[in-house]
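Colleague: no FASTA, just this:
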């Protein structure tokens, strides 16, 4: 068994010695310049800039410095606090983005007076529109927004189609058809399709589709109750995490579902 902690300590010690040497050499260089050119004046602005350049390195040498009068600078603690605040701010912005996307879907107009045949025809048109949009418009906020409008319409219309074949939609080779399946389960959660939905989400190739697939998983999980989800389904969802790019809306959506499942297990 290797001594990982010992190696880390050695590397940390070397880094501190290197930083100390750099700072010492810099100070020595200033002293030499002052000796050779005593007439060379260094104004206050230069000194301030030099101090700013040095301060970030001091954290590698000291946990803190206490000045006369009791003032104390905690370099590492301050850096950790700043990083924590930045992380919290980023998470808050991301959560707001997710909430906004889901709100747009929830605010879709009602479906009164639309029959099954009309709804089915409209779903087919939306699937084609989704495919065409992805083919002719580059990735970006404008395309994402229009895709969300399509998803919202699919969530409104697919539950109106009598005998809708959810299983076939989830396994389709057409991205728009798979999206329609996700929209159907997002709007009308059905426990019998949870396993197929999880598999479809895990293998989904389109980032936009995968986000809403995980959202649909969350809807079904909430409908059946997190405590009633089979363990193999939870394991399959957890196995998706390493393959997802960090910091994306997809990993946030999946993590939110897993938190609910873990809470029920705890």
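Modeller: Sure, I can see it. Nothing here was measured: the structure is a model prediction, and the numbers come from that model.

Colleague: which regions of this structure lie under the pLDDT threshold?
Modeller: By pLDDT under 70, the low-scoring segments of the chain are 1-13, 15-112, 265-266.

Colleague: ranges for the helices of it?
Modeller: Applying DSSP state H to the chain gives helices spanning 4-36, 44-58, 75-106, 116-136, 141-157, 166-170, 175-187, 194-203, 207-224, 231-240, 249-265.

Colleague: Neighbours of the closest residue to residue 200 other than its chain neighbours, how many?
Modeller: Distance criterion C-beta to C-beta, 6 or more residues apart in numbering; nearest residue to residue 200, sequence neighbours excluded, is residue 170 at 4.3 Å. C-beta coordinates here come from the backbone N, C-alpha and C atoms, glycine included. By the measure other C-beta atoms under 10 Å, the count of residues near residue 170 is 24.

Colleague: again with residue 233
Modeller: If you count neighbours by other C-beta under 10 Å, residue 233 ends up with 18.

Colleague: Which residue is the nearest non-sequential neighbour of it?
Modeller: Counting by C-beta to C-beta, 6+ apart, the residue nearest residue 233 is residue 198, at 5.6 Å.

Colleague: Please name the residues that touch that neighbour.
Modeller: Going by C-beta atoms under 8 Å, 6 or more residues apart in numbering, residue 198 touches 217, 233, 236, 237.

Colleague: filter the residues you listed to the buried ones?
Modeller: For the contacts of residue 198, a neighbour count by 16 or more other C-beta atoms under 10 Å gives the buried set as 217, 233, 237.

Colleague: I figured residue 208 hits residue 147, correct?
Modeller: Yes. Residue 208 lies in contact with residue 147 (C-beta atoms under 8 Å); the separation is 5.4 Å.

Colleague: rewinding a little: residues touching the residue nearest to residue 200, list them.
Modeller: Applying C-beta under 8 Å, 6+ apart, the residues near residue 170 are 178, 181, 182, 193, 196, 197, 199, 200.

Colleague: Count the neighbours of the nearest residue to residue 129 once chain neighbours are set aside for me.
Modeller: Distances taken as C-beta to C-beta, 6+ apart put residue 150 closest to residue 129, at 6.2 Å, once the chain neighbours are dropped. Counted with other C-beta under 10 Å, residues neighbouring residue 150 total 20.
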